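Q: coords below, sequence missing:
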DNA sequence: TGCCAGGCCGGGT
DNA sequence: ACCCGGCATGGC
């Protein structure tokens, strides 16, 4: 008889009662569409993805507001901008010196491959886009996947600290599970629809902020478990 | 006040 | 393959 235990590409197994699709359906029924990612353009979304690295979103909003006010939320202008001027504008988002270079690096990659054409860059084959983003110094898996999913509309599920922490605390995964393992759970268990990927990640972050903070666990009150059970 | 936030890199073991 | 220090602001 076939086992109900699903496995990732590796040897790890996950509990049969954890169903990403049921989790999505439950969260969507409760909260509705997430509206994520906040941002008026692919460029703004990509910039936000870099600026929000280990940083509260409220601070990122201030930084993006400064970029807009300075007319720098523009591919060509970012490419020409002096890193120090850029750093001054994004100061509220923290790590502003390093993030200024990270933004410059991202923009330089776009300009190198698709000069002046962010849309073209983002329209690349999904695997190529992701690996190209990962080549950029300052862009890791979560940032790359956020850009792929929310700026480029690719079918890539974003894994963040909340996702990992919640699955750990609910004993769905063990400490040995890495980013790709977790991403595989969702990409294998979810229907292949972009809105599902977008909303589930967004809802996980929303719940995580309330119930799954790093040092003040209130795991007992976390409502997530209500929704991921199959059947 | 101290802790935390939608990470990532580089150097060390 | 891990483990760690550094990076920095603003909100609760």
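A: Structure received. This is a predicted model, so every value here is computed, not measured.
Q: how close does the most centrally placed residue in chain A sit to residue A:69?
A: In chain A, the residue lying closest to the centroid (Cα atoms, centre = their mean) is residue A:146, at 3.6 Å. Between residue A:146 and residue A:69 the distance is 24 Å, computed by Cβ to Cβ, to the nearest Å. (Each C-beta comes from the backbone N, C-alpha and C, glycine too.)
Q: mind listing the strands for chain A?
A: Ranges of strands within chain A: none, based on DSSP state E.
Q: Please parse it into its domains.
A: For chain A, the structural domains run A:20-35+A:157-226, A:42-151, going by automatic domain parsing.
Q: and those domains as JSON lines, adding mean pLDDT?
A: Shown next, in JSON lines, are the domains of chain A (pLDDT from 0 to 100):
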{"stretch": "domain A:20-35+A:157-226", "mean pLDDT": "94"}
{"stretch": "domain A:42-151", "mean pLDDT": "98"}
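Q: and the residue in chain A positioned nearest to DNA strand C, how many residues sit next to it?
A: Of all residues in chain A, the one sitting closest to DNA strand C is residue A:94 (2.5 Å; Cβ to the nearest atom of the strand). Per other Cβ atoms under 10 Å, the neighbour tally for residue A:94 reads 17.
Q: Now do the same contact list for the nearest residue to it once chain neighbours are set aside.
A: Leaving aside its sequence neighbours, residue A:94 sits nearest to residue A:55 (Cβ to Cβ, 6 or more residues apart in numbering; 5.0 Å). By Cβ atoms under 8 Å, 6 or more residues apart in numbering, the contact set of residue A:55 is A:93, A:94, A:95.
Q: how near is residue A:55 to DNA strand B?
A: 5 Å (Cβ to the nearest atom of the strand, to the nearest Å).
Q: Ok, residue A:94 next?
A: Here residue A:94 is placed at a distance of 6 Å from DNA strand B (Cβ to the nearest atom of the strand).
Q: doesn't residue A:59 make contact with that residue?
A: Yes. Using Cβ atoms under 8 Å, residue A:94 is in contact with residue A:59, at 6.1 Å.
Q: list the residues that contact both of these two?
A: With Cβ under 8 Å, 6+ apart, residue A:94 and residue A:59 have no common neighbours.
Q: Enumerate the residues of chain A near DNA strand B.
A: When proximity is defined by Cβ under 7 Å from any atom of the strand, chain A lies next to DNA strand B at A:36-38, A:48-49, A:52-57, A:59, A:94-95, A:98, A:136-144, A:146, A:150, A:160-162, A:205, A:208-209, A:213-216.
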